[in-house]
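Q: only geometry, no sequence info:
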C-alpha cells in the first residue's frame, strides 16, 4: 500500500499551546480487549492511491475486534462476468488503478475486500465468527474461477515471481507443447536418444534431483522442457521461476517455493522447478560471484532443504560443460545432464526436406534449430552463425 503506515495513536494537542493536552485519556486497559491496547492511526501521503485507502479501511473492523475472524483466497483466473460479491452485499467503496481495482463491501456481520489484478483476484472476508467468514468467502468465489477446457496438446505450467505489491506469487497458464514424437527430429541423434530416456522417466526412476540442459543458444532447450512437462504431467507439476537470480538470494522466497504447499502438488505429486539461463549461478567461479546462491541450489537438490520434498530442479545454461562448477555436475546429483547441440549437415538437410532455398543456404557444418527455422522462413543470412545474429536465442 504505497507509503501508507499505521502508528500508535498519540494524544491530541491544543492549537495554541506547545504542551500536549491529553483528550479522553483511557483508564487501565482490560486485557480481554486487546484492540484498546493497540490504537491505530493511518498516515496517508500523495503516493497512496484510492485503492490503498480501500485496503486500509478494510482492516478497521478486524483491528478493533468487531470482526475478529478472517478468511481469504487467491484466484489466478476469474471469469470476466464474476462480481465476487455475495447476494445482498452493500458496496461501500470502489477504486480502480492502472494495474488493479479494489472493492469494499459489507453484509450482516461481515466485510469483504476484493482486489482484482490482471485476470486474477484476492478475496478476503472478516466476520464476527469463523464459520460466517468461511461461508461468505465460499459464496463470493463459488463458480468464479475461470477454468478453460484443457486441450490434449496443452499442459498447465506454474510461474513464480516476486510481485512488488504481493510478494512471492504463483500463477498458472496453459502452455502448448508438442509430443516428443513430433519434435524429436529437431534434435541431433545423441541428444534425441538421451531425451528418449528422459521422457519415459517415472517417480520410481528418480535418482538425482538436478536436470541440466546445456549448450549454445538456439538449440531447442526450452522446447524440450515444454514437451517434458507434457510427458510428465500425470505425476509432476512443472513450475518456471521467472526471477531465478532473486530466488537463491532471498531466503523467504526460496522457502515459499521449496516448503510451501502449492496448488496441484498435493497427494505426493512431484514438482519440477525450471530455472532458465542460469549461467552465473552454476559456472565454475559461481562460489565467488554468487555467494550463497549456489550452495542453496545444491541444498535444494540433495541437502537438508530438499529432504522430504518431491522437488526436482531443471536448469538451462549456454555454458560449456567444462565451465560448470564441479559440484553441480558431480555423479549422483543429476537425474540427467544433456548437452543440446545443433543438427549435423545430413540431419539439417533431412529437417529442411524439400525446401530448396533453405537447403541451398545451409552451411557445411550443419545448423541449430533456430537457424533452421530462420532458413525455412527465408530470414537467415547464409553463412552467419546464429550466435552472432540479433535474434539469437529465439528457440532457447
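A: Cool, got the structure. Treat the numbers as computed from the prediction; the structure is a model and nothing was measured.

Q: roughly how far apart are the spatially most central residue of the chain and residue 217?
A: Note on the chain: the residue nearest the mean C-alpha position is residue 160, at 1.1 Å, using C-alpha atoms, centre = their mean. Using C-beta to C-beta, to the nearest Å, residue 160 is found at 24 Å from residue 217. Just so you know, the C-beta spots here come from the backbone N, C-alpha and C atoms, and that holds for glycine as well.

Q: one step back: what comes up buried for whichever strand or helix holds the residue nearest to the centre of the chain?
A: Using DSSP states H and E, residue 160 maps to strand 154-163. Neighbour counts over strand 154-163 (16 or more other C-beta atoms under 10 Å) mark 154, 155, 157, 158, 159, 160, 161, 162 as buried.

Q: so can I have a markdown table of the residues you listed showing pLDDT?
A: Shown next, in a markdown table, are the buried residues of strand 154-163 (pLDDT from 0 to 100):
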| residue | pLDDT |
| --- | --- |
| 154 | 85 |
| 155 | 89 |
| 157 | 90 |
| 158 | 89 |
| 159 | 91 |
| 160 | 91 |
| 161 | 90 |
| 162 | 89 |
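
Q: Go through those residues and name the one nearest residue 273.
A: residue 160 (7.9 Å; C-beta to C-beta).

Q: what's the closest of the buried residues of strand 154-163 to residue 268?
A: The nearest one, if we look at the buried residues of strand 154-163 relative to residue 268 and count by C-beta to C-beta, is residue 158, at 17.4 Å.

Q: Report the contact partners of residue 311.
A: Contacts for residue 311 were tallied using C-beta atoms under 8 Å, 6 or more residues apart in numbering; they are 209, 258, 270, 271, 272, 273, 300.

Q: is it true that residue 63 lies in a strand?
A: No. The assignment for residue 63 (DSSP: H, G, I helix; E, B strand; the rest coil) gives helix, which keeps it out of a strand.

Q: That one: neighbouring residues, count only.
A: For residue 63, the count of nearby residues is 18 (other C-beta atoms under 10 Å).

Q: Next one: it from residue 78, what distance?
A: Residue 63 is 28 Å from residue 78, by C-beta to C-beta.

Q: Show me the shaky parts of this structure.
A: 1-40, 148-150, 259-267, 279-291, 303-307, 321-325, 380-396 (pLDDT under 70).

Q: how's it carved up into domains?
A: As given by automatic domain parsing, the domain ranges for the chain are 5-9+32-141, 154-339, 345-388.

Q: out of those, which comes closest to residue 147?
A: Closest to residue 147 of the domains of the chain, according to C-beta to C-beta: domain 5-9+32-141, at 7.3 Å.

Q: How far off centre is the closest one?
A: Distance, stretch centre to chain centre, for domain 5-9+32-141: 24 Å (C-alpha atoms, centre = their mean, to the nearest Å).
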